[in-house]
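Q: Sequence and computational prediction follow.
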Amino acid sequence: RCLPSKLNAPTIEVYRCTDEDAILMLLTARSNDQRQQIKAAYKKAYGKDLVSALKSELGGLFETLIVALMTPRGTYDASQLHKALKGAGTDDEVLIEIMASRTGEEIKDIIKVYKKEFGNKLEKDICGDTSGHYQKLLVILLQVDMEAEIDEGKIEKDAKDLYAAGEGKFGTDEEKFINILGNRSVEHLRKVFDAYKKIAGCDIEESVKGETTGNLENLLLAVVKCVKSVPAFFAESLYKSMRRAGTDDDTLMRIMVSRSEVDMLDIRACFKKMYGASLYTTIQVLFSHHSTLMQPQ
């Protein structure tokens, strides 16, 4: 049970018996791009796949974490979506989290990687596992061709249309919510939400909760929250994952890994502001038996 003592591209030095703390420290001190270089250097030096070698030496949550860290970001997201769609039933929470929070460029990369890795179109798999207005919004989010600019002439109209589609009528025009929230830029929607609050006297979240249900409601809320603040969205998701009966290790690990090089410092700041506690300390206290696995980088 031995691994190299120094996993550092471009050279890899002598073997030593497996040291999980050393593996963790080495890999978390590198960026994802650097970890890919280490993986390539290991293959060149030893003719073996580093991820397979690590999996043979590790186990449990630690193995899952290390494999996730060694996976390119786009591939990691694609694999999480594939798992959510192809497992027993559909993991809508994962589907909603990724589709609502990723940028247009990230979605494009995910679509390309998904096709390459799993031999099928992501849109086709989503359509095979979802239905109705929920499916329609997911497909719209996949198109990543939303307007990039703020259209000042549409702000007031969009706000009024959203009000008329929900609070201002008996019943709900889900199509209007979907078309506006799915096809406008983040900057534009922020202004629309401000205008909406003046017209309706409440936040758009309250209207979404009152006018929609189920997966459509959850997806619309995720889109709205990510428009307002992606770090705040993930801070809330992390908090909920640690407050459920039985910690949601999958959600906690997925967010920590996928956001570690994107906006983790912002997520930590939002967590402290929203919940009055340090994310680092919260994880340490709640997961003292394996806290070193999950500490923010």
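A: Good, I have the coordinates. Since the structure is predicted, the reported quantities are computational estimates derived from the model, not experimental observations.

Q: could you list every residue that touches the nearest residue to S229 once chain neighbours are set aside?
A: In this structure, S229 finds its nearest non-sequential neighbour in C270, 6.8 Å apart by C-beta to C-beta, 6 or more residues apart in numbering. C-betas here are computed from N, CA, C, even on glycine. Remark: with contacts taken as C-beta atoms under 8 Å, 6 or more residues apart in numbering, C270 is in contact with 229, 231-232, 234-235.

Q: Now rank these by neighbours and give me the top one.
A: Using other C-beta atoms under 10 Å as the neighbour definition, the contacts of C270 reach their maximum at F234, which records 25 neighbours.

Q: Now do the helix or strand harbouring V227: distance to the chain's middle.
A: Following DSSP states H and E, one finds V227 within helix 214-228. Relative to its chain's centre, helix 214-228 lies at 13 Å (C-alpha atoms, centre = their mean, to the nearest Å).

Q: For the helix or strand following that helix, buried residues please.
A: Taking DSSP H and E as the definition, the helix or strand that follows helix 214-228 towards the C-terminus is helix 230-243. Of the residues in helix 230-243, 230-239, 241-242 count as buried by neighbour count, 16 or more other C-beta atoms under 10 Å.

Q: now the angle from helix 230-243 to helix 214-228?
A: 130 degrees (axes from the mean of the first three to the mean of the last three C-alpha atoms, to 10 degrees).

Q: what does stretch 167-185 contact?
A: Applying C-beta under 8 Å, 6+ apart, the contact partners of stretch 167-185 are 133, 136-137, 140-141, 146-150, 154, 158, 161-162, 164-166, 189, 192, 200, 202, 207-208, 210-212, 216, 220, 223-224, 227.

Q: Buried among those? Make that a PyMOL selection.
A: For selection in PyMOL, the members of these meeting the burial criterion (16+ other C-beta under 10 Å) are listed in this command:
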select buried, resi 133+136+137+140+141+146+150+154+158+161+162+165+166+189+192+200+207+208+211+212+216+220+223+224+227
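
Q: Can you pull the poorly scored residue ranges out of the stretch 101-250 of the chain?
A: In the predicted model of the stretch 101-250 of the chain, residues 145-148 satisfy pLDDT under 70.

Q: in it, which spans are helices?
A: 104-118, 122-129, 132-143, 152-165, 174-183, 186-200, 204-211, 214-228, 230-243, 249-259 (DSSP state H, counting those that start in this stretch).

Q: how does the chain divide into domains?
A: 20-70, 73-142, 153-228, 231-294 (the TED database).

Q: and the most centrally placed residue in the chain, what is it in contact with?
A: With distances taken as C-alpha atoms, centre = their mean, the residue of the chain nearest its centroid is I98 (4.1 Å). If a contact means C-beta under 8 Å, 6+ apart, then I98 has 77, 80-81, 110 as its contacts.

Q: and these, which two are the farthest apart?
A: Farthest-apart pair in the contacts of I98 is Q80 and I110; separation 9.4 Å (C-beta to C-beta).

Q: More neighbours: which of these two?
A: Per other C-beta under 10 Å, whichever of Q80 and I110 has more neighbours is I110, with 25 against 22.

Q: for that one, what are its contacts?
A: 74, 77-78, 81, 98, 102, 122 are the contacts of I110 under C-beta under 8 Å, 6+ apart.
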